[in-house]
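Undergrad: Here is my input; please provide its structure:
(2 chains)
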Amino acid sequence: MRHAVAPTENVENNSFTVTDLLKICTHCERLSKKDLGVRIPRPLGNGPSRFIPEKEILQVSKVDARTQTIFEDAFAALGRLDNISLVMGFHPQYLESFLRTQHYLLQMDGPLSLHYRHYIGIMAAARHQCSYLVNLHVNDFLQVGGDHKWLNGLDGAPQKLQHLGELNKILAHRPWLLTKEHIEHLLKAEEHSWSLAELIHAVVLLTHYHSLASFTFGCGITPEIHCDGGHTFRPPSLSQYCVCDIANGNGHANHHDDLLGNQEVSGEVEVLMERMKQLQECRDEEEASQEEMATRFEREKTESMLVVTAEDEECVPSRDVSRHFEDPSYGYKDFSRRGEHVPTFRVQDYSWEDHGFSLVNRLYPDVGQMLDEKFQMAYNLTYNTMAMHKDVDTSMLRRAIWNYIHCMFGIRYDDYDYGEINQLLDRSFKIYIKTMVCSPEKTTKRMYESFWRQFQHSEKVHVNLLLMEARMQAELLYALRAITRYMT
Amino acid sequence: MEKMSRVTTALGSSAFSGRTMFCHLDAPANAISVCRDATQVVVAGRNIFKIYTLEEEQFVEKLNLRVGRKPSLNFSCADVMWHQMEENLLATAATNGAVVTWNLGKPSRNKQDQLFTEHKRTVNKVCFHPTEVYMLLSGSQDGFMKCFDLRKKESVSTFSGQSESVRDVQFSMKDYFTFAASFENGNVQLWDIRRPDRYERMFTAHTGPVFCCDWHPDDRGWLATGGRDKMVKVWDMTTNRAKEIHCVQTIASVARVKWRPERKWHLATCSMMVDHNIYVWDIRRPFIPFATFEEHKDVTTGIVWRHQHDPYFLLSGSKDSTLYQHMFKDASRPVDKANPEGLCFGLFGDLAFAAKESLISSDANRKPYPGGDRRYPIFFFKKPDPTEQFAHVSSALSVFETDLDSNRMDWFVKTARLYLLSGKPFAELCDHNAKVARELNRPQVSTTWTMLRIMFSDPANLTTPGPNHNISKLGTLPLMNSFSMKEMGSGMGSESRLERSKGESRQDNIHLEPGNSHISNNNDENEETEGSEGQAEYMFGDAELDDDDLYSMEHDNQTEEQEYILPQEAFQLRHEIMDNPSAPEHLQQDKADSPHVSGNEAEVMCLTPIESFSLISISQPLFSPHLPASFFCPVVREMLSYYAEQGDVQMAVSVLIVLGDRIRKEIDDLTQEHWYMSYIDLLQRFELWNVSNEVIKLSTCSAITCLNQASTTLHINCSNCKRPMSNKGWICDRCHQCASVCAVCHHVVKGLFVWCQGCSHGGHLEHMMNWLKSSSHCPAGCGHLCEYT
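TA: Residues are numbered from 1 along each chain as shown, chains lettered A, B, ... in the order given. The predicted structure is shown next:
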């Protein structure tokens, strides 16, 4: 006779739709309050995101059969369905590719052991003080047999992981400073050194979690109920009403607001579409000189520096996240400041499709393919809609967003006219992008709301996916280029 | 054209001479191209655009086309091509999407002729028509191919690749109107230049981007393609469906491919990443390159044969900022370094060996194989193909038949089965194993075990304070030599040895009793003679006293010789085997039942045997418990390594396990792991699963113990639709039913699911246990007689 183990976690197991889950929760709550006197945790936030009304997210999973199956699969694989997946459920094609990649990175064959992988995830997420991801992976880390002591800080972790701290720091904030000496330092043959394959795995994990942290903040993902900050034991207040309800539109007060907002900004979409059309048509006439193009890139680059990210809100990580990384003062510094000039990274000289892919696939087979699919999926995903308009070719807008992010990392496309960015992305949108990509922990609900006000939430999530993937690719390109230089 | 090509042919290969040479460029090159008469080469890159003349001994820079104070992006070239008809005409593809033509005949410094900015993205490739002077084709990242007439200001026709990026375009050498285009999504399209609306033919050539393609210069229908999937494929396009006729697997993604002139089967490739060499392949021999050029230090970005009818000169440009001319005669030939030898084991241990005939024949006067096995030399000859330029090797194949009995590994199997590795006190384990070895007629091993027992069984609990004291006073003596041990009678059993020991110990006591240890008695001859008596196994004596004979004997059977190692504590049990933290829960539960108990028992029992044992063993009073164990360990370590090297890894591992902590720290983890792995591998080949599992469990290397946790996945089928469940968990993807329902209570089982391997029914562990206590039939009612063990 044989034994098989299926995860027995919490009440969730009985149901697959989240609505059912909530029903059962309240049911249990009532039951146990009467009978046992057990303290029942209550979710603090309502719904997976602070920014997006819960009912909109849940609708998706109910309507779309494909999303439903993906959710089921994800649940069966992990024993949970995290809020990130729920929010990504707006875009099932992408979600599928995302989950497959993540599952492969964390669970399947790879040079690093399981607890290392989760720990690297923690390190990366902690760099952005993303307590959501940290909590999630602390649990996973302990579950796969990780050592408790490591969680006290990087000092408690093995030497080998400590070495990775530097790479983590640079990759997260200023990847353009990565040189082959950093790689050399990690790979040099001694007791705590990394192998090339391990390093690639680690780099992919780091970049994955840096960009996922961006997404988490960008969409205002709320903590999971079983994690710190995700629940409270306080009995629900009489009004059954809390701040977060109002904040994500679950209450009623917000509706009024929306109406006002709509009037104010109506026409925003039309203006944007008009501009895209113009650009498309007059591109040939305009004929900017080469010098002009070069200065445009520089201008966009410097301007991106001037876009000030909001500093007003101090976020306090609930678990002491900061202990997972050193040197908390190290943050994003604008790509080209006076004084230190870093050469522009030309995509034509080192691109993901030609070079990055070949390297990853050589050292960590299959993952190159998966990442390639994921990037392509994110880049090419479109429903040909913009807010209420249908049959719009959004490729120009998507390319502008993608290239703008790469521009912030100093990556230049020779064949792109950076003047387009200025036409297509307005200031509030740029602020949002910049904050999300460079210091995601500072993203606020106000920023989320203030850009593209007429667009649907699903479209904003789409933008977030684009931002996340573009950021990941940018970091990967720098890391892989450094590794390539080390190898040659 | 026909006339002209004949002229160049007439020039022939004799027209050029030269040598392998290179020059430094100022910047990395992206592409190179030669002019028709093969006297000049143009190099283009992001920051370089120059023409060099090829002279006998060197490259000479002739012209820098990058002029102007602020060079624009139009100079940043992704590709360059020199017109093969018109000497003054060049075209470049710029990374910003411009297609530029250059006319060297212009009198001004700036030779730029035409500028086409119709592409929206980077242009990856430009290609002149081989015979038509004014026709230029370009392929771009934006998914379009455009055909330009150089007499007009704009393109004459546009070919759409359906928004897939174009990586390469090539006009066919023989069909005037045809060109091939390769795409980022793995497709290759064939177009007719007159029909811009639709491609003539499309097929998928590679997975992932096809970086390059090249038409065969002579054979009309052949197209070579190279892709990111590290393959070079040769397609026959003459048939209805493009047919793959050859495939070469390289080690990195293929950036360029060029057919070698005048050699039907040869093509040159270079790679996009990682690999810097240029390979020339004979496509009929795809496993080993025909020739390699290894000069470049960074990836090669452009290769071109110097002259279209001369196969001996290859030019290449690279990211390492050098331009090379390679002479074919200077190429390295991997074939020469390869060993055309093969070796294979047959099912019954026969060994087939193929080697160069010359090797075999020169071997003929060698003594026949010591095992007396027969050899069958068989000679094969492949019919030589005169067009193939590979060195012909005739090999001789020899088959060595194994005499089934001589090489039997029975002893291995039996030993593995019978050895006890744990569960008993150390001394008993040693005795048992010694007995096993002796019964299998392996006296040396047997004696080693006995030695180990005596060495490591701890006498400390009997040692009186007296001798300790004495010895500690004598710290100045060279302790190493104070004791040596010898084993001679190979067939001797442990019992007799023990009796003997008794006698000895009595004598020893005589020396010791007076309070002076024998060590202080440096010239105690009595002891020496005693030691040299035939049957004696032990010898006590000091270095100065040992005569030469003794020493020589020691050297003879080094392996059996042991130094005594003094245990620090009474009887050290091995550490409990720790469960790997990642071990599944149920394993731990299982463990709680049996293996631990035995371990504990051993611990309890150990006191008695120790005492009785120590009573009869001789040597203890002689050894100082203060001798550091590490002092002796090197010898045991050597012994283990010796066994391992002799191929008896079984012995090494068994001793390692039985000695446990006593020796473990002395041997570095890698070696231990290596031994364990070899032994486990052997055990599994003999299908001794239980033993191998025991060894895994008892090993202390984390890398080994985790073997037990590897591949513990169990694939199950859905009980409803009988199809495999792809996901973990209990719900089936296809029928959306709960698959694992308890046969007793009919609820979904979460947690431990136990099922009968006969009828595959099962359910909650407790339910099944209870059910099968009262009934022997399957609870599902299938009539199967299930058994719960």
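Undergrad: If you count neighbours, what's buried in stretch B:30-38?
TA: Burial within stretch B:30-38, assessed by neighbour count using 16 or more other Cβ atoms under 10 Å in any protein chain shown, is assigned to B:30, B:31, B:32, B:33, B:34, B:35, B:36, B:38. In short, each C-beta sits where N, CA and C put it, glycine included.
Undergrad: Just give me the neighbour total for the one residue in the stretch 51-200 of chain B that gets nearest to chain A.
TA: Going by Cβ to the nearest Cβ, chain A is nearest to residue B:72 of the stretch 51-200 of chain B, at 3.1 Å. Counted with other Cβ atoms under 10 Å in any protein chain shown, the neighbours of residue B:72 add up to 17.
Undergrad: Quick check: residue B:304 touching residue B:315?
TA: Yes. At 5.2 Å, residue B:304 counts as touching residue B:315 under the criterion of Cβ atoms under 8 Å.
Undergrad: Tell me the residues that contact both of these two, please.
TA: Shared contacts of residue B:304 and residue B:315 (Cβ atoms under 8 Å, 6 or more residues apart in numbering or on different chains): B:32, B:34, B:41.
Undergrad: Keep only those of these that are in strands.
TA: B:32, B:34, B:41 (DSSP state E).
Undergrad: Restrict those to those that also contact chain A, please.
TA: Residues of these in contact with chain A (Cβ under 8 Å from any Cβ of the partner chain): none.
Undergrad: between the residues you listed, which is closest to chain A?
TA: So of these, ranked by how close each gets to chain A (Cβ to the nearest Cβ), first place is residue B:32, at 17.0 Å.
Undergrad: The closest one against residue B:40, yeah?
TA: No. Using Cβ under 8 Å, residue B:32 is not in contact with residue B:40; the gap is 10.9 Å.
Undergrad: and residue B:216, what does it touch?
TA: Taking Cβ under 8 Å, 6+ apart, we find residue B:216 in contact with B:173, B:222, B:223, B:224, B:259, B:264.
Undergrad: Show the pLDDT at the fifth one.
TA: On the pLDDT scale, residue B:259 is placed at 92.
Undergrad: and the spatially closest residue to it that is not a sequence neighbour, what does it touch?
TA: Spatial nearest neighbour of residue B:259, chain neighbours left out: residue B:267 (4.9 Å); criterion: Cβ to Cβ, 6 or more residues apart in numbering or on different chains. For residue B:267, the contacting residues are B:214, B:224, B:232, B:234, B:257, B:258, B:259, B:260, B:280, B:281, B:283, by Cβ under 8 Å, 6+ apart.
Undergrad: which ones among those are found in strands?
TA: Counted as lying in strands by DSSP E, out of the contacts of residue B:267, are B:214, B:224, B:232, B:234, B:257, B:258, B:259, B:280, B:281.
Undergrad: Which two among those residues are spaced furthest apart?
TA: Between any two of the ones in strands among the contacts of residue B:267, the greatest separation by Cβ to Cβ is 14.3 Å, found for B:234 and B:280.
Undergrad: Which residue ranges of the stretch 151-300 of chain A form strands?
TA: Along the stretch 151-300 of chain A, counting by DSSP state E, counting those that start in this stretch, strands occupy A:231-232.
Undergrad: related to what we said a few turns ago, relative to chain A, which of the contacts of residue B:216 is nearest.
TA: Among the contacts of residue B:216, and counting by Cβ to the nearest Cβ, the member closest to chain A is residue B:224, at 19.2 Å.
Undergrad: number of nearby residues for the closest one?
TA: 24.
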